[in-house]
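[1] sequence-free structure coming up:
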């Protein structure tokens with residue numbers, strides 16, 4: 001057995017267990033032993049039966065003196081009752097609806113039990129205790145797995161309990177922990193007081209104390225951050241060795257472009273534009289992330305870069321995440337660059353355009369391959385095999401930052417010696433720890449200023465008792481000729497496989513909300529519905545009506561989070577606001593406040609708690625998306641922020657991204673390692689871990 005052994009080769013892992021393990025992302029022995037506990041049950045208080053008091057969490061051991069099943073007809077359940085005794089006394093253990101236990105245990109067996117004590121009348125009993133069969137009353141508690149110690153509790157799935165996972169993990173750990181080579185350099189373990197692999201992997205699963213568990217966790221987090229930093233820094237080094245077309249800054253055109261805009265560029269826009277144009281001058285590929293709040297004017301900055309590339313005789317490709325957004329960018333570019341008579345094309349799954357006229361797909365592809373299109377805008381359709389470019393020099397990507405050398409090389413299939421410059425854009429504010437790790441290979445340009453004259457969006461929490469007031473306010477706004485967005489977290493209520501209602505059923509689903517608003521709340525208004533499962537033609541019709549003012553209220557999922565621009569919309573009402581992260585709520589809020597009128601964001605929630613209120617209040621008190629991202633990271637943790645899930649980074653490491661100090665230390669050590677030993681010949685296990693990480697990553 002080694003780390004890459006498939007789980008099906010582990011004893012007692014049949015097809016059913018395999019399926020459940022795969023649901024947790026566990027396919028190999030390595031995945032299994034790196035499936036870390038998310039907490040521990042403290043069952044280390046071991047006392048004799050006579051000393052057990054009420055409302056205590058205790059562990060005790062004894063002999064089964066009697067065991068029976070009792071059927072309770074009032075509550076229709078089976079109770080398994082066992083009388084347990086040691087030399088000091090006796091106590092009842094009761095399990096609910098586990099009738100099979102009568103066949104698992106028999107009179108005379110010795111058990112170790114851990115759990116909470118309750119009282120019925122004058123009698124104490126252990127309520128559904130964790131149990132473990134032991135050989136005799138003198139059994140050493142150091143050999144226990146499920147009781148009598150700090151017991152690991154794992155993230156699980158239906159039909160796969162923590163007990164089962166402990167049962168699988170412990171024998172595998174015993175077998176394998178001596179075989180694994182430690183990737184962490186000895187000097188770093190000494191410097192940061194970190195245990196070796198063998199000790200840490202045992203202590204994170206079966207710790208002797210919470211301090212030992214924490215130290216083990218710190219060791220694995222540091223190792224993962226070190227590998228992540230090594231990977232990122234290597235990517236930077238690789239990029240420096242690549243060649244790109246150097247394009248001089250055409251100052252005359254750029255100044256003229258800025259002068260002819262219907263608004264004045266902000267200082268941040270000017271600074272970001274200059275950084276990008278200076279990068280394009282270099283003979284090595286630009287690798288830059290343009291990060292700007294919703295509505296901060298990133299598209300204008302990217303249009304300026306594309307203009308400079310076109311005036312140098314080269315092509316730009318602009319990739320957007322959705323067809324709606326691709327079309328919007330196409331219209332913006334056509335409008336902003338109208339004067340320069342550039343050939344601007346559009347490719348999506350359904351539509352192809354050039355110079356605002358429809359064109360056959362084969363014709364637009366032929367023109368692109370001959371370098372006769374200056375700027376080609378589209379969705380992922382742009383990176384399909386048949387799309388080729390004659391003189392591609394710049395790739396602009398909206399809301400997708402992990403776009404590596406291989407993907408760029410694909411876009412340049414018939415250009416042998418150079419790869420294009422990359423400008424990635426996002427309105428999702430990225431916390432500093434993530435810019436050092438996950439996006440550390442990208443140079444950063446920030447646009448923090450919003451265009452002048454924008455009014456602050458008034459944001460309010462709406463508890464259940466204030467809902468009617470909120471509906472009245474929406475009516476008033478529509479009477480004034482304004483439009484409203486209503487956002488819901490899901491398309492329709494879901495049920496689990498067993499048919500039981502899940503927590504998500506409490507969330508107002510789009511279809512339900514649409515019906516309710518249309519029939520009960522606002523029967524006199526024009527209401528439309530939008531969600532991701534609709535066909536593109538249907539989505540486009542709905543958006544067209546909204547933009548033309550023929551819809552009063554649009555009920556939608558988060559499909560409108562990115563890139564919908566309706567200046568007449570002044571109210572953003574978010575149902576189940578507590579279900580979204582702050583960064584996402586901030587994105588929704590940015591969909592209003594784009595016109596001259598005062599705009600409002602209503603955070604409707606049925607769930608009141610200190611944490612929820614703390615998060616939602618942070619949104620009210622904070623207009624700046626960058627500050628919000630840091631607050632969200634502190635309050636909620638990284639979650640799925642900015643798509644880092646595709647990196648396959650363990651949860652414990654994701655949680656550690658709150659710790660800027662550790663992130664900076666890991667990065668500093670990675671820089672030292674690569675400076676002193678670029679090929680990592682002195683540390684083969686670390687090199688091997690890095691190569692494995694590179695294979696694991698999918699740069700989409």
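    Right, received. Where do you want to start? The model shown is predicted, which means the values in this text are computed figures rather than measured ones.
[2] so which elements touch the one helix or strand residue 476 maps to?
    Residue 476 is part of helix 467-479, with elements assigned from DSSP states H and E. Counting contacts by 3 or more CB pairs under 8 Å, 6 or more residues apart in numbering; DSSP states H and E, helix 467-479 packs against strand 483-487, strand 569-574, strand 600-604. The way it works is simple: take the backbone N, C-alpha and C, and place the C-beta from them, glycine included.
[3] what's in contact with the longest one?
    When contacts are taken as CB atoms under 8 Å, 6 or more residues apart in numbering, the neighbours of strand 569-574 outside the stretch itself are 457, 462, 470, 473-474, 477, 482-487, 546, 580, 585, 588-589, 591-595, 597-604.
[4] give me the distance between residue 381 and residue 66.
    Computed with CB to CB, to the nearest Å, the distance linking residue 381 and residue 66 is 72 Å.
[5] and what of residue 366?
    Residue 366 is 87 Å from residue 66, by CB to CB.
[6] neighbours of the residue nearest to residue 445 when sequence neighbours are not counted, just the number please.
    Nearest non-adjacent residue to residue 445, counting by CB to CB, 6 or more residues apart in numbering: residue 272, 4.0 Å away. Residue 272 has 28 neighbouring residues, counting by other CB atoms under 10 Å.
[7] correct me, but residue 272 touches residue 449?
    No - in this structure, residue 272 is not within contact of residue 449 by CB atoms under 8 Å, at 10.4 Å.
[8] output the longest strand belonging to this structure.
    Determined from DSSP state E, the single longest strand within the chain is strand 57-72.
[9] name the next helix or strand downstream of that strand, please.
    Once strand 57-72 ends, the next helix or strand along the chain (criterion: DSSP H and E) is strand 77-86.
[10] name the residues of that following strand that come out as buried.
    78-84, 86 (16 or more other CB atoms under 10 Å).
[11] same check, this time on stretch 543-558
    For stretch 543-558, by 16+ other CB under 10 Å, it's 543, 546-547, 551-558.
[12] farthest-separated two in these?
    In the buried residues of stretch 543-558, two members sit farther apart than any others by CB to CB. They are 552 and 558, at 20.9 Å.
[13] between residue 381 and residue 66, which is the more surrounded one?
    Neighbour comparison, residue 381 and residue 66: the larger count goes to residue 381, with 17 against 12 (by other CB under 10 Å).
[14] any idea how far the closest residue in space to that one that isn't next to it in sequence is from residue 320?
    Nearest non-adjacent residue to residue 381, counting by CB to CB, 6+ apart: residue 347, 5.2 Å away. Going from residue 347 to residue 320 by CB to CB gives 11 Å.
[15] need the overlap of contacts for the two.
    377-379.
[16] closest one of these to residue 182?
    Of the shared contacts of residue 347 and residue 320, the one sitting nearest to residue 182 (CB to CB) turns out to be residue 379, at 45.3 Å.
[17] please pull out the lowest mean pLDDT helix or strand from this protein.
    One helix or strand of the chain scores below all others by mean pLDDT, DSSP states H and E: helix 651-656, with a mean of 65.
[18] could you give the mean pLDDT of the next helix or strand after it?
    The helix or strand immediately downstream of helix 651-656 is helix 660-676, counting by DSSP H and E. For helix 660-676, the per-residue pLDDT values average out at 92.
[19] which helix runs longest in the chain?
    helix 210-241 (DSSP state H).
[20] quick check: angle from that one to helix 660-676?
    50 degrees (axes from the mean of the first three to the mean of the last three CA atoms, to 10 degrees).
[21] other SSEs contacting helix 210-241?
    By 3+ CB pairs under 8 Å, 6+ apart, helix 210-241 packs against strand 39-42, helix 186-191, helix 197-205, helix 405-411, helix 651-656, helix 660-676, helix 684-696.
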